[in-house]
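> One predicted model, sequence on top.
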Amino acid sequence: MDIPNSITLKIQGNKMLVSGPKGTLEKHFDSKKLEVVVEGSKVEVKPKQKLTRKMNAMASTIRAHLKNMFKGVTEGYEKKLSLVYAHFPITIEIKGKDVSIKNFFGEKTPRKTKIVGDTKVEVKGQDIVVTGSNKEEVAQSASNLVRVTKVNNRDARVFQDGIYYTK
């Protein structure tokens, strides 16, 4: 697999460090079973043990993680969400890594969730944009926002308030 020009990849033991214009990402892998070799502008992931389906799957997983890390430090990842309410206007307050969703269904206590890692959350009216360089952290932060406003014990066809994915 080729390493893009604007990216540096370092292997230190069982740790992969990928640096680029949008930041630095770190990922651990099983160094007892896999070997990651960087030669010039190419990286190769090879199993140390006998080639089986399981070893091939582990090597392919590390390759996929590397591709995601390369894209994250060059382009970044973005999830777009939409805030939907019918009767009670919902407000979102972000303080550091904590998110409070106030007045959901007119509830007195705010619903709370966390932002994972170095992810940034921007709220513009009813649009929410979650951005960052780590694909897993961006997806988990967006999922936390959707999950905390899930409607329970009510008919979802009628009570459609909440946060939903738009892209």
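Arrived safely.

> who touches Ile62 in this structure?
Contacts for Ile62 (Cβ atoms under 8 Å, 6 or more residues apart in numbering) come out as 29, 34, 36, 45. Where C-beta positions appear, they are placed from N, C-alpha and C, glycine not excepted.

> List just the nearest of these to Asp118.
Phe29 (20.9 Å; Cβ to Cβ).

> thinking the closest one is in contact with Leu17, fair?
No - contact between Phe29 and Leu17 fails when scored by Cβ atoms under 8 Å: they sit 11.9 Å apart.

> neighbour count winner among the two?
Phe29 (21 against 14; other Cβ atoms under 10 Å).

> Let me see the domain layout of the protein.
The chain breaks down by automatic domain parsing into domains covering 8-74, 77-165.

> closest one to Asp2 among those domains?
Nearest of the domains of the chain to Asp2, taken as Cβ to Cβ: domain 8-74 at 5.9 Å.

> After the top helix by length along the chain, which helix or strand is next?
Across the chain, the longest stretch assigned as helix under DSSP state H is helix 53-74. Following helix 53-74 in sequence order, the next helix or strand is strand 77-84 (DSSP states H and E).

> tell me which residues of that following strand are tucked away?
Buried residues in strand 77-84, counted by 16 or more other Cβ atoms under 10 Å: 77, 79, 81, 83.

> now do stretch 59-76
Result for stretch 59-76 [16+ other Cβ under 10 Å]: buried residues 59, 62, 65-66, 68-74, 76.

> repeat for stretch 85-104
Buried-residue list, stretch 85-104, by 16+ other Cβ under 10 Å: 85, 90, 92, 99, 101-102, 104.

> With respect to Val138, which of those residues is nearest?
Val99 (14.3 Å).

> My guess is the closest one contacts Ile92. True?
Yes - with contact defined as Cβ under 8 Å, Val99 counts as touching Ile92 (6.5 Å).

> so can I have JSON lines of the buried residues of stretch 59-76 showing distance to Lys150 and pLDDT?
Listed next are these as JSON lines, based on distance: Cβ to Cβ, whole Å; pLDDT from 0 to 100:
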{"residue": "Ala59", "distance to Lys150": "37", "pLDDT": "91"}
{"residue": "Ile62", "distance to Lys150": "34", "pLDDT": "92"}
{"residue": "His65", "distance to Lys150": "29", "pLDDT": "94"}
{"residue": "Leu66", "distance to Lys150": "34", "pLDDT": "94"}
{"residue": "Asn68", "distance to Lys150": "27", "pLDDT": "95"}
{"residue": "Met69", "distance to Lys150": "31", "pLDDT": "94"}
{"residue": "Phe70", "distance to Lys150": "34", "pLDDT": "94"}
{"residue": "Lys71", "distance to Lys150": "30", "pLDDT": "95"}
{"residue": "Gly72", "distance to Lys150": "28", "pLDDT": "95"}
{"residue": "Val73", "distance to Lys150": "33", "pLDDT": "95"}
{"residue": "Thr74", "distance to Lys150": "34", "pLDDT": "94"}
{"residue": "Gly76", "distance to Lys150": "27", "pLDDT": "94"}
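
> Having no further points to raise, I will conclude here.
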